[in-house]
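> got a sequence here, can you build the structure:
(one chain, ligands or ions: 2)
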Amino acid sequence: MNINELKHAGLKKWTEEWAALMQPDSVEICDGTREEYDRMIKILVDGGLGTPLNPEKKPGCYLFRSDPSDVARAESRTFIASKEKIEAGPNNNWTDPVELKKTMTELYRGCMKGRTMYVIPFSMGPVGSDIAKIGMEITDSPYVVVNMHIMTRVGKEVLKVLGADGFFVPCIHSIAKPLAKGESDNGKWPCEPDVQKKYISHFPDTYEIWSYGSGYGGNALLGKKCLALRIASVLARDEGWLAEHMLILKITNPEGKVKYITGALPSACGKTNLAMLVPTLPGWKVETIGDDIAWMKFGKDGRLYAINPEAGFFGVAPGTSTQSNFNAMESIKKNTIFTNCGLTEDNDIWWEEIGYGAPGETIIDWKGNKRPAPKTDKKPADEPIAHANARFTAPARQCPVIAPEWEDPKGVPISAFLFGGRRAATIPLVNQSKSWVHGVFMGSITGSEITAAALDLAAGTVRRDPFAMLPFCGYNMGDYFNHWIKLGQKSEAEGRGGELPKIFFINWFRKNKDGKFMWPGYSENSRVLAWIFDRCDGKDNCVQTAIGNLPKPGAIEPPQGVSAETMNELCSVDIDGWKKEIADVRKDYYPQYGDRLPKVLYDELDAIEKRLNG
Ligand code: SAT
Ligand code: MN
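Ligands and ions are numbered 1, 2, ... in the order given. Modelled structure (predicted):
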């Protein structure tokens with residue numbers, strides 16, 4: 001499609017203005033067709049950027065290797081440029097929007113010379129759903145186009161819904177690598193290699209996204225973290241809904257009763273694994289609606305309905321195996337884009353902890369170097385074969401346990417929210433909040449312990465990641481807590497408090513005195529999900545404690561290898577640990593939000609402390 005076919009006057013003008021600034025050789029409006037996808041792939045393969053994989057083993061799959069400067073989200077270069085600094089909060093890098101636009105406009109001038117400018121009309125959520133939003137991404141990267149084809153819904157249907165004057169979130173992206181006459185990428189991942197010159201900018205007052213210099217993941221696929229979380233969290237605040245960093249799963253009990261649960265977990269806590277869990281409990285079934293993001297709105301019945309705004313999985317490859325996530329391995333067998341994985345002699349992908357050693361004598365690592373093929377799936381002593389943030393981009397519909405209703409435009413009614421982190425001590429296996437506000441308190445103190453090796457913080461220090469939204473909330477986190485509190489209070493004031501999802505805190509990562517995990521996790525987590533399901537059904541399976549509602553002894557049957565004693569410890573109140581937790585929140589954590597922290601959360605802190613002392 002070309003510019004003149006656009007029916008939306010605002011979109012046409014916007015496209016023309018950006019083309020005039022960026023000076024591409026040509027402009028193409030993406031139509032989302034298979035023909036377009038194949039054509040982009042051909043450009044990438046001809047340019048030496050993509051490698052087709054073995055068609056017998058991975059039909060329709062390609063491997064890409066990015067530049068070593070361009071392998072992950074650039075958090076230090078991610079900006080929330082609200083008019084006032086306080087609106088961005090202590091959780092964001094703030095910078096002045098006027099200055100930032102001035103700087104970036106100069107960077108964008110002529111940045112697409114020698115390239116095609118693609119305009120991608122995309123829908124976050126099923127096209128036309130009341131909960132969905134339309135975005136428009138301008139990019140000079142065919143790699144972004146093919147990834148957006150998988151991760152979002154792209155094309156003419158979206159333009160139809162947009163109509164002549166519909167709202168869209170404008171998303172500007174350039175890899176910042178213009179080409180001289182006759183020059184080609186010639187096998188080198190195009191980007192701005194100086195991290196300090198990359199920008200991932202958000203303008204919450206005008207709902208705009210401007211990205212420059214990176215071609216990787218969330219820096220470049222602007223529908224995901226930039227739109228569906230940072231800008232959507234602002235839209236959700238302004239419009240009274242929720243945009244959350246949550247998986248959505250469907251769970252069916254042995255009687256065939258269904259519930260939907262969402263869960264927010266910081267990175268490296270197994271969100272994708274939980275979304276695709278294979279239960280060990282007989283008769284229970286888990287199906288997937290989404291693995292990363294949930295958008296939720298109240299229905300006329302007072303219940304909260306969730307959609308997955310995405311259409312694909314952008315999953316971390318290392319550590320994924322048939323053992324850790326069978327359904328993810330099934331999902332990536334065809335039509336998948338792999339980035340920064342190893343390439344085996346038989347043209348297949350390989351990564352650390354994939355479950356088997358690499359075949360043959362040699363392997364090509366993510367940097368393109370030939371190395372001896374590892375005989376086991378453990379990380380080689382020197383450098384890893386796959387980058388730790390190597391990814392697969394796979395269509396969600398290829399997941400064997402995708403729920404049939406995953407694209408239902410009205411969404412699925414949510415019964416429970418889960419919050420959790422990686423905590424070696426104190427936090428029980430599962431704990432139901434006493435009230436909505438107590439649940440918001442739980443979400444606000446979510447965090448994971450970090451090892452001394454990972455960061456220059458003392459081992460055992462908890463890094464708080466409230467609601468798993470720390471890098472993704474587009475405004476002041478104190479106000480975000482307040483938004484959650486207000487939604488619950490509004491529901492309660494309308495007499496619909498009973499329809500609100502119940503809130504649970506989970507922790508699969510408790511360790512004993514010998515430093516060994518006390519809970520096997522993975523498929524055995526189905527036991528905890530079953531308890532949560534029954535709680536939501538009103539089953540009398542809990543005891544009320546100072547910190548919340550914990551499983552009654554015997555309510556969760558311990559899996560093999562877990563003694564009744566261990567089970568008891570996992571489901572009891574560690575009074576001293578909790579006193580420390582409360583003191584830490586009061587002294588070192590909550591004060592950073594200043595007067596933006598809702599007072600009721602301090603009340604909650606006081607109440608728990610009083611119960612612990614009582
Ligand atoms: O932000 S990305 O989309 O690159 C992935 C992530 O951090 O979860
Ligand atoms: Mn995520």
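
> so how far is residue 18 from the closest residue to residue 170 other than its chain neighbours?
Spatially, and ignoring its direct neighbours in sequence, residue 170 is nearest to residue 208 (5.2 Å; C-beta to C-beta, 6 or more residues apart in numbering). Where you see a C-beta, it was placed from the backbone N, CA and C, and this is true even at glycine. Relative to residue 18, residue 208 is positioned 12 Å away (C-beta to C-beta, to the nearest Å).

> residues shared between the contacts of these two?
Each of residue 172 lies in contact with both residue 208 and residue 18 under the rule C-beta atoms under 8 Å, 6 or more residues apart in numbering.

> helices or strands next to the longest helix seen in the chain in the packing?
Longest helix of the chain, by residue count under DSSP state H: helix 477-493. If contacts are counted by 3 or more C-beta pairs under 8 Å, 6 or more residues apart in numbering; DSSP states H and E, helix 477-493 sits against helix 232-239, helix 436-444, helix 599-613.

> quick one: contacts of the helix or strand immediately after that helix in the chain?
Per DSSP states H and E, the first helix or strand lying C-terminal to helix 477-493 is strand 502-506. Under the criterion C-beta under 8 Å, 6+ apart, residues 263, 415-420, 427-433, 436, 438-440, 442-443, 446, 528, 532, 535-536, 548 lie in contact with strand 502-506.

> which of the helices and strands packed on helix 477-493 is buried the deepest?
helix 436-444 (a mean of 24; mean count of other C-beta atoms under 10 Å).

> contacts for that one?
264, 417, 419, 431, 433, 466-467, 481, 484-485, 488-489, 491-492, 497, 500, 502-503, 505, 548, 600-601, 604-605, 608.

> burial check on residue 222, number of neighbours?
Applying other C-beta atoms under 10 Å, we find 32 residues neighbouring residue 222.

> typo on my end, residue 379
16.

> what about the nearest residue in space to it that is not next to it in sequence, which SS state?
Counting by C-beta to C-beta, 6+ apart, residue 379 lies nearest to residue 352, which is 4.7 Å off, once chain neighbours are set aside. The assignment at residue 352 comes out as coil when based on DSSP: H, G, I helix; E, B strand; the rest coil.

> wait, residue 352 sits on residue 386?
Yes. Under the criterion of C-beta atoms under 8 Å, residue 352 makes contact with residue 386 at 6.0 Å.

> what touches both of these two?
residue 318.

> neighbour-wise, which of the two wins?
residue 386 (27 against 22).

> where's that one relative to ligand 1, distance?
Plainly put, residue 386 is 15 Å away from ligand 1 if you go by C-beta to the nearest ligand atom, to the nearest Å.

> residue 19: which element?
Here residue 19 is covered by helix 9-22, with elements defined by DSSP H and E.

> hmm, who's touching that helix?
By C-beta under 8 Å, 6+ apart, helix 9-22 touches 3, 6, 27, 29, 105, 108-112, 117, 119, 136, 138, 140, 162, 164-165, 168, 170, 172, 174.

> run the last query once more with 7 Å
3, 6, 27, 105, 108-112, 117, 119, 136, 138, 164-165, 168, 170, 172, 174 (C-beta atoms under 7 Å, 6 or more residues apart in numbering).

> how many neighbours does the nearest residue to residue 114 once chain neighbours are set aside have?
Among residues not flanking residue 114 along the chain, residue 179 sits closest, at 3.0 Å (C-beta to C-beta, 6+ apart). When neighbours are counted by other C-beta under 10 Å, residue 179 registers 16.

> show me the contacts for residue 179.
113, 114, 115.

> leaving out chain neighbours, which residue sits closest to the first one?
Leaving out its chain neighbours, the residue that sits closest to residue 113 by C-beta to C-beta, 6+ apart is residue 178, at 3.9 Å.

> how close does the one you found get to residue 23?
In terms of C-beta to C-beta, residue 178 sits 8 Å off from residue 23.

> compare these two (neighbour count), which wins?
Applying other C-beta under 10 Å to residue 178 and residue 23 shows that residue 178 carries more neighbours, namely 19 against 16.

> now the buried members of the contacts of helix 436-444.
When these are checked for burial by 16 or more other C-beta atoms under 10 Å, the buried set is 264, 417, 419, 431, 433, 466-467, 481, 484-485, 488, 491-492, 500, 502-503, 505, 548, 600-601, 604-605, 608.
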